[in-house]
Each structure stands twice: as structure tokens, then as C-alpha cells.
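>>> Pasting a predicted model and its sequence here:
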Amino acid sequence: MPIWIFRISTLVAFPFLTYNFLGRDWNSFWGGLLCGALVVAGEVLFKRMRLIKIMIGCTGFLIGLMLYTLISYGMQNFGGGIDAEVWNKYNQYVLIFLLVFGVLAALFKSRELEGLSYKGHHLKIADVTALVDGRIVDLCEINFLSGIIVLPVFVMDELNRMAASRDKLEQAKGRRGLDVATRLQELKEVEVRFTSKTPKGETLQEQIVKLARSLDAEVVTLDFTINKLATLKKVIALNVADLATALKPVILPGETMSLFVMKDGKEKDQGIGYLDDGTMVVVEEGRRHIGKRVEVAVSSIYQTSSGRMIFAKVK
């Protein structure tokens, strides 16, 4: 049954029942309509709010009720000259104020816990380098990264500082990081939440790792320093650069491939081409094929600290 039928039925049924069974007058009708509206509002609230928010709100409600009970007890026994009739006249307003204040104060305080109401590896903390790089959005779009992306406020402050910098390169990085954060919030594949929790640390990297450790969360980064700190603190670091390296296609000597020769190499008659992942291919006797796509056979592969280098010959 569509939810709107339930809502309309509730708004019609409550006034009908109260009008016919509690008294055929307008007070019964409007009272039933108000009860129906509260039921519908509660259904919408429970549907849109996370359970932790509802629990926090209920806690604030109970705290407000406890405060009213204490104040009421004090007024009745230690009124200090306050007329009992005055208290009986205004006590319901005090009750309403304390209940509303308790709920709102609890919900306002809970904003600091946003994204931190539970712990686990489904929480992914994005650092400055991951946001500036931007590939985190692609990983989320293809559901490679799932769970909740947590954006610490101190990371966003750092991006804002970079965006306001006079250095053009740093300014561009800061603006790109802020744009990526906005794009993450627009994605349907993941939830994005902010947290104002700021652990103590001498550096931004140390704060990120401490926050991840306190939440049992993972860190999405491209920062080598965070990688090392995370290893020491037994925190899982998801390095996007390491992922890109791991996903490079496996190529063995003797395999053939189609390659576009872009430019000449350092040695005589050499040509240079690139695979889709950016791996450089040195083609022997490939200079005369510059600007063309040719079939080449892999002769050898060298792994260096800066990446792979492939040597091939034109077939």
C-alpha cells in the first residue's frame, strides 16, 4: 500500500473516531486531527532520521522531564514564598520548555557525533590528499568504496586555507579538494558525514591516523607519511596510488600489443609509446613509426622505484 494512503487514512480516521466516541463537538474533532498529524509526523521523522538521532532526542526528552520533576519537587517543598497557585498555573509551560530544550540541546550536541555514532571499517576517513586527487569519487561511483565517507572538519579547514592561499598551485589544490568534497555529497552510492572531532596531534597526518584509530575506521589517502603512521598504529590505510599500481595490467615478455608511438626515444631509432595506465614503452626501431599505431612484441620488462618500463620491438 502506498505510504500516502496510510497518511491520508490516519488523518481521516483519528478525527472520525474521536468525534464519534469522545464527544460530538469541535474540540474532539480538532484533538483527533492533531493526534493524526502527530502520528504522520512521527512516521516521517522515524523514516528520515537515523536511529541514533531518535535515541539521542529521547534521551534529551527524559533529561528535560527529570529536570521538571526536580524543579516541581523543589517548588512544592521549598517554594521560598512562591504561591502554589502561580506554580500550578505556569508549570505546564515550564514542562514544555524543558522538554523542548532537552531534545534540541541533545540533537545539537549530537552534531559532533555525526558519522561517529558507531565504529568500524565501513567508516572511511578521507584526508586532504585523497580529496585533492579526486579519484575517490570514481571509486565511490563504481561501488569500490562502500560505507560512510567521513570528512573531518579540520581537513575541510585545511582545504579552505589552501583555497585562500596566494600560491596559485596551492590555491588550485584547495579549490579542487572542496569541489571533490561537494561531489561526494551529491553521490547516491555512499553517505558523507562530517565530524568536528579533532584529536590532538602535531601534524595533520597524525590527527587523521588518531581519529581513524579511535573509530576503528580506515583512511583513504595518497600520503606516504599517513601510510607509515597507519602501519605503526595498526590502522588500515587505503592508498589510491597503491591501488592504481596494483591494477596495472599484467604483461609478459613475448606478448604482442597495439601501441601508438608518440615520440622518439633517447637512443638511436627508438620510439616511445604509453599504455592506458601511463606505463612507458620503449620501442626499438620505432622512430620511423612516430605518429602511427603499430603492433609490437614485448621483449623485456624492468621494474624500477618509479614504476615499470617496457621494451618492445616492432613486429
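Sure thing, it's come through.
>>> ranges for the strands of the protein?
For the chain, the strands defined by DSSP state E cover 123-126, 148-152, 191-195, 218-221, 237-239, 256-264, 271-274, 280-284, 293-304, 307-314.
>>> closest one to residue 13 among those strands?
strand 191-195 (35.7 Å; CB to CB). For the C-beta atoms, the positions are set from N, CA and C on the backbone; glycine is no exception.
>>> Check which helices and strands the closest one sits against.
Counting contacts by 3 or more CB pairs under 8 Å, 6 or more residues apart in numbering; DSSP states H and E, strand 191-195 packs against strand 148-152, helix 153-163, helix 168-186.
>>> Mark out where each domain of this protein begins and ends.
Following automatic domain parsing, one gets these domains for the chain: 3-113, 123-246, 256-314.
>>> average model confidence for the first one?
In this model, domain 3-113 has an average pLDDT of 68.
>>> now the shortest one
Mean pLDDT, domain 256-314: 84.
>>> Then the second one?
Mean pLDDT, computed over domain 123-246, is 89.
>>> Please state the offset of it from the chain centre?
In terms of CA atoms, centre = their mean, to the nearest Å, the centre of domain 123-246 is found 10 Å from the chain centre.
>>> Show the end-to-end separation of that domain, please.
23 Å (CA to CA, to the nearest Å).
>>> try stretch 219-234
First-to-last residue span, stretch 219-234, CA to CA: 11 Å.
>>> Next, the buried residues of it.
219, 220, 221, 222, 223, 226, 227, 229, 230 (16 or more other CB atoms under 10 Å).
>>> Any chance you could list what contacts that stretch?
124-130, 133, 136, 145, 149, 203, 205-206, 208-210, 212-213, 235-241 (CB atoms under 8 Å, 6 or more residues apart in numbering).
>>> cool, stretch 297-306 as well?
For stretch 297-306, using CB under 8 Å, 6+ apart, the contacting residues are 251-257, 284, 308-313, 315.
>>> Just the buried positions in that stretch, please.
Buried-residue list, stretch 297-306, by 16+ other CB under 10 Å: 298, 301.
>>> so how far is that stretch off the chain centroid?
Using CA atoms, centre = their mean, the offset of stretch 297-306 from its chain centre is 39 Å.
>>> wait, which of the buried residues of stretch 219-234 is closest to residue 270?
residue 222 (32.1 Å).
>>> how close does the closest one get to residue 35?
56 Å (CB to CB, to the nearest Å).
>>> cool, and residue 235?
51 Å.
>>> again with residue 311
For residue 311 relative to residue 35 (CB to CB), the value is 80 Å.
>>> What of residue 61?
Where residue 35 is concerned, residue 61 sits at a distance of 18 Å (CB to CB).
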